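Peer 1: Below are the sequence and a predicted model; questions follow.
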Amino acid sequence: MKIKKFTAKTFALALAQVRKELSEDAIILSSEEKKGLRPHVEVTAAIDFDAAEAPSVRGSQFGVRSKPQADSSDLPAPDSLQPSRPSAAPSGAGVEELKAELSGLKTMLEGMKNSGYEMSLPAAKRAVVNFLTERSVRQEYALRLSDKTTDLSEIPLYLSADIRVKRSPLMRKAVMLIGPTGVGKTTTIAKLAAQAVKAGKKAAVINLDTYRIGAAEQARIYSRIIGIPLATATTTAEFRSNLIKFSESRDVVFIDTTGRNPRDESYIRALSELCASDIPLETHLLMNANGDDECMIEAYRSYSRLPIDYIAFTKVDEAVRFGSLYNLILTYQKPVAYLTTGQRVPGDIEYATVGRLAGLIVKKECSV
């Protein structure tokens with residue numbers, strides 16, 4: 001067995017070091033927080049090279065305990081230090097650091113479960129983790145937040161530090177909405193177009209959804225009500241021709257795409273061709289706020305091969321838990337453009353704010 005002590009600023013960073021050096025099979029033996037001029041944490045971990053030998057482990061700040069040993073006691077450990085204010089959302093190299101940290105936490109948790117161990121936390125941290133996981137926040141993300149604060153009232157503040165939003169409602173010349181079937185792209189297009197007209201802009205719509213029965217007719221009805229031109233394109237050439245035509249006379253062109261299975265390679269390739277435009281194009285990925293967390297992440301992975309500028313959440317009024325929104329935001333670090341909260345056109349849409357999103361995430365029941 002190899003035993004080693006790791007030092008880092010936070011427990012999450014220390015765990016990442018453990019995983020990197022000792023592998024995901026490592027076991028946390030103890031952890032301790034050091035105060036002073038340079039506050040830090042020390043984590044002692046071990047790797048057993050004999051897989052047949054099951055180590056007996058005591059709990060710790062991020063400790064684990066063997067399931068058969070129900071009477072094992074936890075070593076006390078002080079709460080982690082809280083920064084005076086949460087740092088801003090990372091960018092550039094910081095995003096890669098964050099992804100590595102989250103990946104380390106996830107792998108460590110999976111390793112514990114697969115090895116027959118469960119995590120033990122002090123009461124204050126456990127309260128934070130339980131509060132967040134009850135709201136569908138992933139356990140590894142909840143652990144990360146519990147490392148920043150043990151005060152439930154501060155959770156929205158720390159959530160806010162991880163959220164980015166579209167800073168201005170102004171859009172590029174063309175705005176393309178993509179997303180899975182049934183996410184509400186056509187209705188959202190109508191809402192955005194109505195908002196643009198209300199703001200004094202000349203808008204137009206290009207409908208590419210000739211796959212879904214009634215989609216073209218629905219787009220025509222909305223366009224007629226709003227009073228804007230509509231073109232339907234069945235080929236890439238028709239799309240580009242209409243886009244060039246509208247871009248010469250309109251301030252903004254909204255593009256409604258077909259909703260298909262995002263794992264369909266031909267579908268993603270076709271969308272990729274549409275994105276390769278000389279007209280400045282803004283791509284919004286719409287996700288159902290009421291969707292399953294795993295389905296949401298899987299859908300994003302498929303669409304991530306496209307140049308996604310923003311994400312937007314639809315059907316917020318139908319959702320019960322909002323932790324999945326935070327999981328997606330934190331995992332992929334894309335700013336949120338807007339939320340839709342019902343079927344009314346031109347109403348039931350709002351541009352996203354950090355405070356609004358943080359407030360939704362800590363809710364346990366739908367109240368929009």
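Peer 2: Everything's here; your move.

Peer 1: Show me what whatever helix or strand Asn242 lives in packs onto, helices and strands only.
Peer 2: Asn242 is located in helix 236-249, with elements delineated by DSSP states H and E. Packed against helix 236-249 by the contact rule (3 or more Cβ pairs under 8 Å, 6 or more residues apart in numbering; DSSP states H and E) you find strand 203-207, strand 230-232, strand 252-256, helix 265-275. Yep, even glycine has a C-beta here, placed from its N, CA and C like the rest.

Peer 1: Go again with 7 Å.
Peer 2: strand 203-207, strand 252-256, helix 265-275 (3 or more Cβ pairs under 7 Å, 6 or more residues apart in numbering; DSSP states H and E).

Peer 1: which parts of that helix are buried?
Peer 2: Across helix 236-249, burial judged by 16 or more other Cβ atoms under 10 Å covers 239-240, 242-243, 246-247.

Peer 1: which residues of the stretch 51-200 of the chain score low on pLDDT?
Peer 2: Scanning the stretch 51-200 of the chain for pLDDT under 70 picks out 51-94, 96, 99, 101, 103-120.

Peer 1: closest one to Leu13 among the helices and strands packed on helix 236-249?
Peer 2: Comparison of these against Leu13 by Cβ to Cβ identifies helix 265-275 as nearest, at 35.8 Å.

Peer 1: Now that closest one: average pLDDT?
Peer 2: Per-region confidence: helix 265-275 scores 88 on mean pLDDT.

Peer 1: Okay, angle between that helix and strand 203-207 too, please.
Peer 2: 150 degrees (axes from the mean of the first three to the mean of the last three Cα atoms, to 10 degrees).

Peer 1: Now do helix 265-275: which elements does it pack against?
Peer 2: Counting contacts by 3+ Cβ pairs under 7 Å, 6+ apart, helix 265-275 is packed against helix 236-249.

Peer 1: Residues contacting the helix it packs on, please?
Peer 2: 173-174, 204, 206, 208, 231, 233, 253, 273-274, 277, 279 (Cβ atoms under 7 Å, 6 or more residues apart in numbering).

Peer 1: Between the two ends of stretch 282-295, how far is it?
Peer 2: Taking Cα to Cα, to the nearest Å, stretch 282-295 runs 24 Å from one end to the other.

Peer 1: Please apply the same query to stretch 247-255.
Peer 2: Using Cα to Cα, the end-to-end distance of stretch 247-255 comes to 12 Å.

Peer 1: how far is it from where the chain is centred?
Peer 2: 30 Å (Cα atoms, centre = their mean, to the nearest Å).

Peer 1: So for it, mean pLDDT?
Peer 2: 94.

Peer 1: ok, back up a step: farthest pair in the contacts of helix 236-249?
Peer 2: Longest span within those, Cβ to Cβ: Ala204 and Glu273, 20.6 Å.

Peer 1: which of those two has more neighbours?
Peer 2: Ala204 (24 against 11; other Cβ atoms under 10 Å).

Peer 1: Enumerate every residue touching the more buried one.
Peer 2: Contacts of Ala204 by Cβ under 7 Å, 6+ apart are 228-229, 246, 250, 253.

Peer 1: export the residues you listed to JSON lines and tack on distance to Leu13?
Peer 2: Output for the contacts of Ala204, formatted as JSON lines (distance: Cβ to Cβ, whole Å):
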{"residue": "Ile228", "distance to Leu13": "52"}
{"residue": "Pro229", "distance to Leu13": "55"}
{"residue": "Phe246", "distance to Leu13": "50"}
{"residue": "Arg250", "distance to Leu13": "50"}
{"residue": "Val253", "distance to Leu13": "46"}
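
Peer 1: coming back round to it: can you add distance to Pro122 and give the helices and strands packed on helix 236-249 back as TSV?
Peer 2: Shown next, in TSV, are these (distance: least, Cβ to Cβ, whole Å):
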stretch	distance to Pro122
strand 203-207	55
strand 252-256	51
helix 265-275	46
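
Peer 1: Out of the ones you listed, flag the one nearest Lys166.
Peer 2: Distance to Lys166, taken as Cβ to Cβ, is lowest for strand 252-256 among those, at 14.4 Å.

Peer 1: now the angle from the closest one to strand 203-207?
Peer 2: 20 degrees.

Peer 1: Counting by contacts, list what strand 252-256 packs against.
Peer 2: Applying 3+ Cβ pairs under 7 Å, 6+ apart, one finds that strand 252-256 contacts strand 174-178, helix 185-198, strand 203-207, helix 236-249.

Peer 1: ok, back up a step: of all the helices and strands packed on helix 236-249, which lies closest to Gly359?
Peer 2: strand 252-256 (28.5 Å).

Peer 1: Check what contacts that closest one and list those residues.
Peer 2: 171, 173-177, 185-186, 189, 192-193, 196, 201, 203-209, 219, 243, 246-247.

Peer 1: how about a cut-off of 8 Å?
Peer 2: 171-177, 185-186, 189, 192-193, 196, 201-209, 215, 219, 239, 243, 246-247, 274, 279 (Cβ atoms under 8 Å, 6 or more residues apart in numbering).

Peer 1: for Val362, what are its contacts?
Peer 2: Neighbours of Val362 in contact, by Cβ under 8 Å, 6+ apart: 135, 155-156, 159.

Peer 1: Farthest-apart pair in those, please.
Peer 2: The largest distance within the contacts of Val362, taken as Cβ to Cβ, falls between Arg135 and Pro156 and amounts to 11.7 Å.
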